[in-house]
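> Sequence and predicted structure are below.
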Amino acid sequence: MAVTVDIKALLEAGVHFGHKTSRWHPKMAPYIHSKRQDSHIIDLTKTVEGLEKALPFITKVAASGKQVLFVGTKKQAKDIVRAAAQKVNQPFVTERWVGGMLTNIDTVTQQIKKLKDLEKRMATGDLEKRYNKLEVQRFQEEIDELTVKYGGIKDLNGQLGAVIVIDVITDANAVKEAKTLGVPVVGVVDTNANPALIDYIVPGNDDAIKGLELLLDYFSQAVAEGAGTVKQEEK
């Protein structure tokens, strides 16, 4: 059963509120409905159209066994992006995008291997047996630092089928690296952003938390539709 998009829900969540008219990007003109005072209003029929193209694509990717990377490093959205990805067992980046995260995979793989090895040695007590308390503390700090950078992509399996970016300006580097590798990008694109590099454009407010929660819910539903990986919520 395909994910159903509700235009009324998009309206209620404020997905239609764009940025100030002085900050608009001309290439977003086809997705703008009107102006209200000094701000643009996004045409939600275009948002629905964008979602109706993007969601079946995400479902198809998940059904093929490939992973969908969720990206959102802006402060106010980190938690909801992480939650949406974890709900469907997909990789995510919610802290700083490390340059080469996708394109310099050898270096990243080495760092992830190091993280997993340290975690294992810490969990089994091996580090505690071999080192003093201060040294163990330093290993823990290294684990924490690596987790911040790479924890969300620790289980990336090399089969990346799509990248979902909720702010294509903040995470422009993620978009660029995905494009370099030929991985399709699904992007929430506000009125101040250039949609040119985005394969599946979802015009919408990229700041309003309620709106982003709704869009992320649609994205995670689409993954679940393809992979059936939604975790049972804890009771």
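All right, it came through fine.
> in this structure, which spans are strands?
Using DSSP state E, the strands of the chain run over 17-20, 32-36, 39-42, 67-71, 92-93, 160-165, 185-189, 200-203.
> Just put those in a markdown table and tack on mean neighbour count, mean pLDDT and distance to Glu142.
All C-beta spots, glycine's among them, are computed from the backbone N, C-alpha and C. Shown next, in a markdown table, are the strands of the chain (neighbours: other Cβ atoms under 10 Å; pLDDT from 0 to 100; distance: least, Cβ to Cβ, whole Å):
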| stretch | mean neighbour count | mean pLDDT | distance to Glu142 |
| --- | --- | --- | --- |
| strand 17-20 | 20 | 90 | 40 |
| strand 32-36 | 14 | 91 | 48 |
| strand 39-42 | 20 | 95 | 44 |
| strand 67-71 | 26 | 97 | 24 |
| strand 92-93 | 24 | 96 | 20 |
| strand 160-165 | 25 | 96 | 27 |
| strand 185-189 | 28 | 98 | 32 |
| strand 200-203 | 26 | 98 | 38 |
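> I'd like those strands written out as CSV, with distance to Lys149 added.
As requested, those are exported to CSV (distance: least, Cβ to Cβ, whole Å):
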stretch, distance to Lys149
strand 17-20, 30
strand 32-36, 37
strand 39-42, 34
strand 67-71, 14
strand 92-93, 9
strand 160-165, 17
strand 185-189, 21
strand 200-203, 27
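> of all those strands, which lies closest to Lys60?
The minimum distance between Lys60 and these falls on strand 160-165, with 8.3 Å, by Cβ to Cβ.
> For the residue nearest to Ser64 when sequence neighbours are not counted, list the residues it contacts.
Leaving aside its sequence neighbours, Ser64 sits nearest to Gly161 (Cβ to Cβ, 6 or more residues apart in numbering; 6.3 Å). For Gly161, the contact set (Cβ atoms under 8 Å, 6 or more residues apart in numbering) comprises Val61, Ala62, Ser64, Lys66, Gln67, Val68, Val183, Pro184.
> My read is that Thr45 contacts Leu10, right?
No. Under the criterion of Cβ atoms under 8 Å, Thr45 makes no contact with Leu10, lying 9.9 Å away.
> What are the boundaries of the helices in this protein?
Taking DSSP state H as the test, the helices found in the chain are 7-12, 44-63, 78-87, 105-124, 126-130, 133-150, 172-181, 209-227.
> Deepest in the core, which of those helices is it.
Scoring these by mean neighbour count under mean count of other Cβ atoms under 10 Å gives helix 209-227 as the most buried, with a mean of 22.
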